[in-house]
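Peer 1: Quick one, what's the 3D model for this:
(one chain, ligands or ions: 1)
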Amino acid sequence: MTDTKKSIHGEWSSRFAFILAATGSAVGLGNIWKFPYITGENGGGAFVIVYLLCVAVIGIPIMIAETMMGRRGRQCPINTLETLTEEAGANKNWHYLGWLGVVAGFLILSYYSVIAGWAMAYVVKAFTGSFSGESAAQISTLFSDLQASPVQQIFWHTVFMVTTMAVVARGVQGGLEKAVRFLMPSLFVLLMLLVAYAMTTGAYMQGLEFLFKPDFSEMTGDSVLTAMGHAFFTLSLGMGAIMVYGSYLPKGVSIAKTSVLIAGADTAVALLAGMAIFPIVFAHGLEASAGPGLIFQTLPIAFGNMSGGWLFGVLFFVLLVFAALSSAISLIEPAVAWVVENYDVDRKKASIGMGFLTWVLGLGTVFSGSFFEKMDYLTANLMLPLGGLFIALFAGHVMLQKHTQAELALDNETEYVVWKFLVSYIAPAAVFLVFLHVLGVFG
Ligand code: PHE
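Peer 2: The predicted structure follows:
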């Protein structure tokens, strides 16, 4: 079946193009904005270890599963699940899993766009020299001023959503490949530069200790859930983003190796961001647990004080916006692909409609911090892990072994057996146990 089947939305031009796009999806605000602030809120090192473990044991096997399912089904996640369910002769209800993902992507993008809008506002602040020579307190005021201005936030939220939907309307293959090719290396270089600056703050070791020295007494059940949820969020898993990108993947590409590579790059970016930010936090007596504003209250201090900081500040926030854009596109692509596949509507109209709905919901985040917190908890901590749990069960227990084996085409049997064991038992059990733990089942 799959030998002849192609996606109606086109294909990536090569394996490298898929790697770029999937890395573009994975690396985003999750790495640079969210990872540092939730690490700060959850006590540092122990949280980081749980997150890394989740990436390795749950994230990578599920990324392999999603990519494989997408490539075999060749459609948006909802229709892919239908096709694969039929192929396996399983219960039709599995396609609701596709729905869960589409809704999750839509909910996430609503707040994601508002935060990306903050980054856009910071491009302008950097450009007009707002950081230069400012104290930590003055930098904090810049952020609280933005928070106090719904007009500014709505403006940037609008600009970001329009840009995202303009790219999605054109089809995600063309531009994305080119953009990510220069984006990722540049972002990496700038993060290294920030880490180098962090070394001069006098609190570098303190920052590293916070990030890497575990103190498990800091971990609550909710911290474990947040760490696990973040592994899904940062790798774009559990909602079909990677599945839909997998559906544009040509045959004959090694899915397993590719997934390890993408997860590795994603993790490296997050850790670098942490290594840049925490030394600045401690050097200036700021609160590690300051919340979603953390990067906006710390990194501008670095730009304001280093030589060439004006240029680097502008570059950094521009790159952050692009990183957010390449993630945002993948959040809404499953929904748009679904509309195009099921109704007589073209990509452009589908994008405008979806974009508008997302934009409206985003206003909730503009006007209410607690709305954002609830959305974030619902999506990242509950919907993505739940989606991932079912994706793992589907790939491990519903799909036929001969199909998964053919699709993954691993060179050696052991690799397949390891993947199959992780995805069938370990990943689902881990998600399930963390859920039980949070529900207080273990007392
Ligand atoms: N992985 C993206 C980030 O870290 C966010 C994302 C989540 C994108 C889920 C797609 C799907 O910023």
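
Peer 1: Close to the ligand: what parts of the stretch 1-150 of the chain are there?
Peer 2: Within reach of the ligand by C-beta under 6 Å from any ligand atom, the stretch 1-150 of the chain has these residues: 25-26, 28-31, 108. In short, each C-beta sits where N, CA and C put it, glycine included.

Peer 1: With distance to residue 332 and secondary structure as added columns, please give those in JSON lines.
Peer 2: As requested, those are arranged in JSON lines below (distance: C-beta to C-beta, whole Å; DSSP: H, G, I helix; E, B strand; the rest coil):
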{"residue": "25", "distance to residue 332": "11", "secondary structure": "helix"}
{"residue": "26", "distance to residue 332": "16", "secondary structure": "helix"}
{"residue": "28", "distance to residue 332": "13", "secondary structure": "coil"}
{"residue": "29", "distance to residue 332": "15", "secondary structure": "helix"}
{"residue": "30", "distance to residue 332": "16", "secondary structure": "helix"}
{"residue": "31", "distance to residue 332": "19", "secondary structure": "helix"}
{"residue": "108", "distance to residue 332": "9", "secondary structure": "helix"}
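
Peer 1: May I ask which of these comes out lowest in pLDDT?
Peer 2: Ranked by pLDDT, those bottom out at residue 25 (94).

Peer 1: Quick check: closest non-adjacent residue to that residue.
Peer 2: residue 330 (3.7 Å; C-beta to C-beta, 6 or more residues apart in numbering).

Peer 1: what does residue 426 give?
Peer 2: Nearest one to residue 426, counting by C-beta to C-beta, 6+ apart, is residue 57 at 5.9 Å.

Peer 1: for that neighbour, helix, strand, or coil?
Peer 2: Three-state call for residue 57 (DSSP: H, G, I helix; E, B strand; the rest coil): helix.

Peer 1: how about it, what does it touch?
Peer 2: For residue 57, the contact set (C-beta atoms under 8 Å, 6 or more residues apart in numbering) comprises 422, 426-427, 430.

Peer 1: Let me know the distance separating it from residue 211.
Peer 2: Using C-beta to C-beta, to the nearest Å, one obtains 21 Å as the distance from residue 57 to residue 211.

Peer 1: Could you check how many residues crowd around the residue nearest to residue 25?
Peer 2: 26 (other C-beta atoms under 10 Å).

Peer 1: Test my guess that it contacts residue 24.
Peer 2: Yes - in this structure, residue 330 is within contact of residue 24 by C-beta atoms under 8 Å, at 7.5 Å.

Peer 1: Locate residue 83 within the secondary structure: which element?
Peer 2: helix 77-88 (DSSP states H and E).

Peer 1: May I see the buried residues of that helix?
Peer 2: 77-85, 87 (16 or more other C-beta atoms under 10 Å).

Peer 1: That helix: how far from the chain's middle?
Peer 2: 25 Å (C-alpha atoms, centre = their mean, to the nearest Å).

Peer 1: repeat for stretch 392-406
Peer 2: Here stretch 392-406 is found 25 Å from its chain centre; the criterion is C-alpha atoms, centre = their mean.

Peer 1: From start to finish, how long is it in a straight line?
Peer 2: Start-to-end span of stretch 392-406 (C-alpha to C-alpha, to the nearest Å) is 18 Å.

Peer 1: pLDDT on it, on average?
Peer 2: So the average pLDDT for stretch 392-406 ends up being 95.

Peer 1: name the element the residue nearest to residue 25 belongs to?
Peer 2: Assigned by DSSP H and E, residue 330 falls in helix 309-342.

Peer 1: go on, residue 167?
Peer 2: helix 150-169.

Peer 1: Buried residues, the helix or strand following that helix. List them.
Peer 2: Scanning forward in sequence from helix 150-169 by DSSP H and E, the next helix or strand is helix 173-199. For helix 173-199, a neighbour-count test (16+ other C-beta under 10 Å) marks 173, 176-177, 179-180, 183-184, 187-188, 190-191, 193-195, 197-198 as buried.

Peer 1: Closest one of the residues you listed to the ligand?
Peer 2: Nearest to the ligand among the buried residues of helix 173-199, counting by C-beta to the nearest ligand atom, is residue 187 at 12.2 Å.

Peer 1: got a list of what the nearest residue to that closest one once chain neighbours are set aside touches?
Peer 2: Excluding its sequence neighbours, the residue lying closest to residue 187 (C-beta to C-beta, 6+ apart) is residue 319, at 4.7 Å. Contact analysis of residue 319 by C-beta under 8 Å, 6+ apart lists 183, 186-187, 190.

Peer 1: can you rerun that using 10 Å?
Peer 2: 32, 119, 123, 182-184, 186-191 (C-beta atoms under 10 Å, 6 or more residues apart in numbering).

Peer 1: Can you pull the residues of the stretch 151-300 of the chain lying near the ligand?
Peer 2: Checking the stretch 151-300 of the chain against the ligand by C-beta under 6 Å from any ligand atom, the hits are 233-234, 236, 239, 241.

Peer 1: Of those residues, keep whichever come out buried.
Peer 2: 233-234, 236, 239, 241.

Peer 1: about what we covered before: pipe the residues of the stretch 1-150 of the chain next to the ligand into CSV and attach neighbour count per row.
Peer 2: Output for those, formatted as CSV (neighbours: other C-beta atoms under 10 Å):
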residue, neighbour count
25, 27
26, 29
28, 28
29, 24
30, 26
31, 28
108, 27
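
Peer 1: ok, the contacts of residue 57 vs residue 103, which is closest?
Peer 2: residue 427 (21.9 Å; C-beta to C-beta).

Peer 1: Need the distance between the two termini of stretch 289-309.
Peer 2: End to end - C-alpha to C-alpha - stretch 289-309 spans 26 Å.

Peer 1: buried sites along it?
Peer 2: Under 16+ other C-beta under 10 Å, the buried positions of stretch 289-309 are 290, 292-306, 309.
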